[in-house]
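**Q** here's my sequence, what's the structure:
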Amino acid sequence: MKGKIIYRWKQRGLLLKDNETYDDIYNYVMSINNCQLCNDEFSHVNKKLRCMDHDHETGFFRMVLCNSCNSQYGKNHNKRKLHDNNKSGHRHISIEGEKFVFAIQRNKKTHKKRFNTLEEALEYKNNYLFATK
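**A** Below is the predicted model of the structure:
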(Lines give C-alpha, C1' and ligand atoms only; values in the text may rest on other atoms or scores of the structure.)
Protein backbone atom coordinates (compact mmCIF):
# COMPACT_ATOMS: atom_id res chain seq x y z
CA MET A 1 0.00 0.00 0.00
CA LYS A 2 2.71 2.48 1.04
CA GLY A 3 4.71 1.80 -2.12
CA LYS A 4 1.67 2.37 -4.34
CA ILE A 5 0.85 5.65 -2.63
CA ILE A 6 4.41 6.95 -2.99
CA TYR A 7 4.46 5.80 -6.62
CA ARG A 8 1.26 7.80 -7.29
CA TRP A 9 2.76 10.87 -5.61
CA LYS A 10 5.80 10.65 -7.86
CA GLN A 11 3.57 10.28 -10.91
CA ARG A 12 1.66 13.40 -9.88
CA GLY A 13 4.86 15.42 -9.63
CA LEU A 14 5.95 15.31 -5.96
CA LEU A 15 9.60 16.29 -5.71
CA LEU A 16 11.83 16.19 -2.65
CA LYS A 17 13.59 19.08 -0.96
CA ASP A 18 17.10 18.54 0.41
CA ASN A 19 17.15 16.04 3.28
CA GLU A 20 13.56 14.85 2.59
CA THR A 21 12.59 11.30 1.71
CA TYR A 22 9.35 9.94 0.33
CA ASP A 23 9.13 7.72 3.43
CA ASP A 24 9.36 10.78 5.72
CA ILE A 25 6.57 12.55 3.83
CA TYR A 26 4.45 9.39 3.83
CA ASN A 27 4.89 8.91 7.58
CA TYR A 28 4.04 12.55 8.25
CA VAL A 29 0.95 12.50 6.01
CA MET A 30 -0.32 9.32 7.68
CA SER A 31 0.24 10.79 11.16
CA ILE A 32 -2.13 13.74 10.54
CA ASN A 33 -5.75 13.04 11.49
CA ASN A 34 -7.39 16.36 10.55
CA CYS A 35 -7.27 18.56 7.45
CA GLN A 36 -4.71 21.32 7.97
CA LEU A 37 -7.09 23.90 6.42
CA CYS A 38 -10.65 23.11 7.55
CA ASN A 39 -9.67 20.93 10.55
CA ASP A 40 -12.26 18.26 9.65
CA GLU A 41 -11.32 14.75 10.68
CA PHE A 42 -10.35 12.35 7.88
CA SER A 43 -12.98 9.64 7.53
CA HIS A 44 -14.56 7.48 4.86
CA VAL A 45 -17.88 8.04 6.61
CA ASN A 46 -17.89 11.81 6.02
CA LYS A 47 -16.05 11.33 2.71
CA LYS A 48 -13.16 13.48 3.96
CA LEU A 49 -10.19 11.60 2.56
CA ARG A 50 -6.55 12.40 3.38
CA CYS A 51 -4.57 14.04 0.54
CA MET A 52 -0.93 14.97 0.21
CA ASP A 53 -0.98 18.53 -1.16
CA HIS A 54 1.99 19.69 -3.23
CA ASP A 55 2.86 22.86 -5.10
CA HIS A 56 2.47 22.20 -8.83
CA GLU A 57 5.05 24.86 -9.66
CA THR A 58 7.87 23.56 -7.45
CA GLY A 59 6.71 19.98 -6.96
CA PHE A 60 7.31 20.25 -3.20
CA PHE A 61 5.04 18.94 -0.43
CA ARG A 62 2.96 21.63 1.32
CA MET A 63 0.48 20.11 3.76
CA VAL A 64 -2.08 17.40 4.47
CA LEU A 65 -5.57 18.29 3.29
CA CYS A 66 -8.94 16.62 2.92
CA ASN A 67 -9.96 15.89 -0.66
CA SER A 68 -12.40 18.85 -0.65
CA CYS A 69 -9.81 21.41 0.43
CA ASN A 70 -7.16 19.90 -1.82
CA SER A 71 -9.33 20.24 -4.93
CA GLN A 72 -10.18 23.87 -4.10
CA TYR A 73 -6.89 25.07 -2.58
CA GLY A 74 -5.37 26.58 -5.72
CA LYS A 75 -8.65 28.11 -6.85
CA ASN A 76 -9.68 29.68 -3.55
CA HIS A 77 -6.29 30.70 -2.23
CA ASN A 78 -4.58 31.75 -5.48
CA LYS A 79 -1.57 29.61 -4.59
CA ARG A 80 -1.36 27.85 -7.92
CA LYS A 81 0.84 29.83 -10.29
CA LEU A 82 1.09 28.33 -13.73
CA HIS A 83 3.24 29.55 -16.56
CA ASP A 84 1.16 30.94 -19.44
CA ASN A 85 1.72 27.88 -21.64
CA ASN A 86 1.96 25.41 -18.76
CA LYS A 87 -1.58 24.06 -18.65
CA SER A 88 -0.35 20.71 -17.28
CA GLY A 89 -0.05 22.13 -13.76
CA HIS A 90 3.50 20.84 -13.38
CA ARG A 91 6.70 22.86 -13.47
CA HIS A 92 8.83 22.23 -16.57
CA ILE A 93 5.96 20.43 -18.37
CA SER A 94 3.91 22.27 -20.96
CA ILE A 95 1.42 21.21 -23.59
CA GLU A 96 2.15 21.75 -27.25
CA GLY A 97 -0.63 20.50 -29.49
CA GLU A 98 -1.40 17.00 -28.26
CA LYS A 99 2.06 16.43 -26.72
CA PHE A 100 3.37 17.03 -23.21
CA VAL A 101 6.77 18.70 -23.32
CA PHE A 102 9.38 18.54 -20.58
CA ALA A 103 11.80 21.45 -20.91
CA ILE A 104 14.49 22.65 -18.53
CA GLN A 105 17.48 24.93 -18.90
CA ARG A 106 20.71 23.71 -17.32
CA ASN A 107 24.16 25.17 -17.85
CA LYS A 108 22.87 27.54 -20.55
CA LYS A 109 21.51 24.59 -22.57
CA THR A 110 17.85 23.70 -22.96
CA HIS A 111 16.90 20.06 -22.55
CA LYS A 112 13.54 19.31 -24.20
CA LYS A 113 11.63 16.07 -24.73
CA ARG A 114 8.08 15.31 -25.94
CA PHE A 115 5.66 12.68 -24.58
CA ASN A 116 2.22 11.36 -25.45
CA THR A 117 0.95 11.34 -21.85
CA LEU A 118 1.41 13.45 -18.75
CA GLU A 119 2.37 10.34 -16.78
CA GLU A 120 5.28 9.63 -19.17
CA ALA A 121 6.44 13.26 -18.92
CA LEU A 122 6.26 13.22 -15.10
CA GLU A 123 8.19 9.96 -14.86
CA TYR A 124 10.89 11.31 -17.16
CA LYS A 125 10.99 14.62 -15.22
CA ASN A 126 11.42 12.84 -11.89
CA ASN A 127 14.17 10.59 -13.26
CA TYR A 128 15.91 13.52 -14.96
CA LEU A 129 15.85 15.75 -11.89
CA PHE A 130 17.00 12.89 -9.67
CA ALA A 131 19.91 12.06 -12.00
CA THR A 132 21.08 15.68 -12.19
CA LYS A 133 21.11 16.36 -8.42
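
**Q** list the contacts of residue 114.
**A** 96, 99-102 (CB atoms under 8 Å, 6 or more residues apart in numbering). Just so you know, the C-beta spots here come from the backbone N, C-alpha and C atoms, and that holds for glycine as well.

**Q** separation between it and residue 50?
**A** According to CB to CB, to the nearest Å, residue 114 stands 35 Å off from residue 50.

**Q** for the longest helix seen in the chain, packing partners?
**A** Determined from DSSP state H, the single longest helix within the chain is helix 118-131. For helix 118-131, the packing partners by 3 or more CB pairs under 8 Å, 6 or more residues apart in numbering; DSSP states H and E come out as helix 2-11, strand 93-96, strand 99-106, strand 109-115.

**Q** what's the angle from it to helix 2-11?
**A** Angle of helix 118-131 versus helix 2-11, following axes from the mean of the first three to the mean of the last three CA atoms, to 10 degrees, is 90 degrees.

**Q** could you list the buried residues of helix 118-131?
**A** Of the residues in helix 118-131, 118, 121-122, 125-126, 129 count as buried by neighbour count, 16 or more other CB atoms under 10 Å.

**Q** give me the contact list for it.
**A** The set of residues external to helix 118-131 that reach it, using CB under 8 Å, 6+ apart, is 10-13, 15, 88, 90, 92-93, 100-102, 104, 111, 113, 115.

**Q** tell me which of those residues is nearest to residue 39?
**A** Nearest to residue 39, judged by CB to CB, of those is residue 12 at 24.5 Å.

**Q** what's around the closest one, how many residues?
**A** Applying other CB atoms under 10 Å, we find 16 residues neighbouring residue 12.

**Q** dihedrals phi and psi, it?
**A** The phi/psi pair for residue 12 (degrees, to the nearest 10) reads phi -90, psi 0.

**Q** that one contacts residue 54, doesn't it?
**A** Yes - using CB atoms under 8 Å, residue 12 makes contact with residue 54 at a distance of 7.4 Å.

**Q** let me see the domain layout of this structure.
**A** For the chain, automatic domain parsing gives the domain ranges 2-77, 93-131.

**Q** with that, I have no additional questions.
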